[in-house]
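Asks: Here is my input, please return the structure:
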Amino acid sequence: MTYYGAKEMANSFRTVRKNTIQIAEDIPESKYDFKAAPDVRSVGQMLVHVAMSTDFAHHVHDNRITDMKTVNFQELLQKFSTEEARPRTKNEIIALLREKGDTFAAMLEGMSDAVLAETVTMNPGAEPPTKSRFDLLLGSKEHEMHHRAQLMLVERMLGIVPHITRQMQARMARLQAAAQPAR
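Replies: Here you go, the predicted structure:
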């Protein structure tokens, strides 16, 4: 019996993307050029990178690639880098996050258990040497969560309390209020 399949992964990814979009909305456009360090992506660049990162998963899975040695990584990286470097407004970035997220979640939702179980051979030297499509696709969500954590730290650096923290603080305040004796 499987408890986590394509539908659950799609729903989980939608939650991750919804939280990323909330961060994108919470950070003022005037701070989209902010970099936490000199040689890292700016807020805007990181958000575009997150939006575009699902394109690699689409390439691998839409083409039913079973051996990563057949992927022209240089060509893909050049294509993705060019697209990531294109100037965009905050609204355009948020729209891109929504569009790419919806497309990726729909792809996930449509995958069968048999497709998710297929094995993909990784590049020589990779550990493990093979992965299931499920594991590779789950990696897309993990990649976004990695960058979302960076963005939450950037929010703190900009003086913004992340929305997840605000939500937790509101829950705690309600619990404390409910625990107070009636006067």
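Asks: got the contact list for the residue positioned nearest the centre of the chain?
Replies: Central residue of the chain (Cα atoms, centre = their mean): residue 144, 2.5 Å from the mean position. Listed by Cβ atoms under 8 Å, 6 or more residues apart in numbering, the contact set of residue 144 reads 13, 16, 17, 20, 50, 53. Glycine gets a C-beta too; all of them are placed from N, C-alpha and C.
Asks: in the protein, which helix has the most residues?
Replies: Counting by DSSP state H, the longest helix found in the chain is helix 133-157.
Asks: average model confidence for whichever helix or strand comes after that helix?
Replies: Scanning forward in sequence from helix 133-157 by DSSP states H and E, the next helix or strand is helix 163-179. Mean pLDDT, computed over helix 163-179, is 94.
Asks: Please export the C-alpha coordinates of helix 163-179 as CSV.
Replies: Only the C-alpha atoms of helix 163-179 are listed here, as CSV (Å, rounded to 0.1, in the frame of the first residue of the first chain):
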residue,chain,number,x,y,z
HIS,A,163,4.8,34.7,7.1
ILE,A,164,5.2,31.2,8.6
THR,A,165,6.6,32.8,11.7
ARG,A,166,3.7,35.3,11.8
GLN,A,167,1.2,32.5,11.5
MET,A,168,2.8,30.5,14.3
GLN,A,169,2.9,33.6,16.5
ALA,A,170,-0.8,34.2,15.9
ARG,A,171,-1.6,30.6,16.8
MET,A,172,0.4,30.8,20.0
ALA,A,173,-1.4,34.1,20.9
ARG,A,174,-4.8,32.5,20.3
LEU,A,175,-3.8,29.5,22.5
GLN,A,176,-2.5,31.7,25.3
ALA,A,177,-5.7,33.8,25.1
ALA,A,178,-7.9,30.7,25.3
ALA,A,179,-5.9,29.5,28.3
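Asks: what packs against it?
Replies: helix 6-26 (3 or more Cβ pairs under 8 Å, 6 or more residues apart in numbering; DSSP states H and E).
Asks: Only the buried residues of the helix it packs on, if you could.
Replies: 6, 9-10, 13-14, 16-17, 19-24, 26 (16 or more other Cβ atoms under 10 Å).
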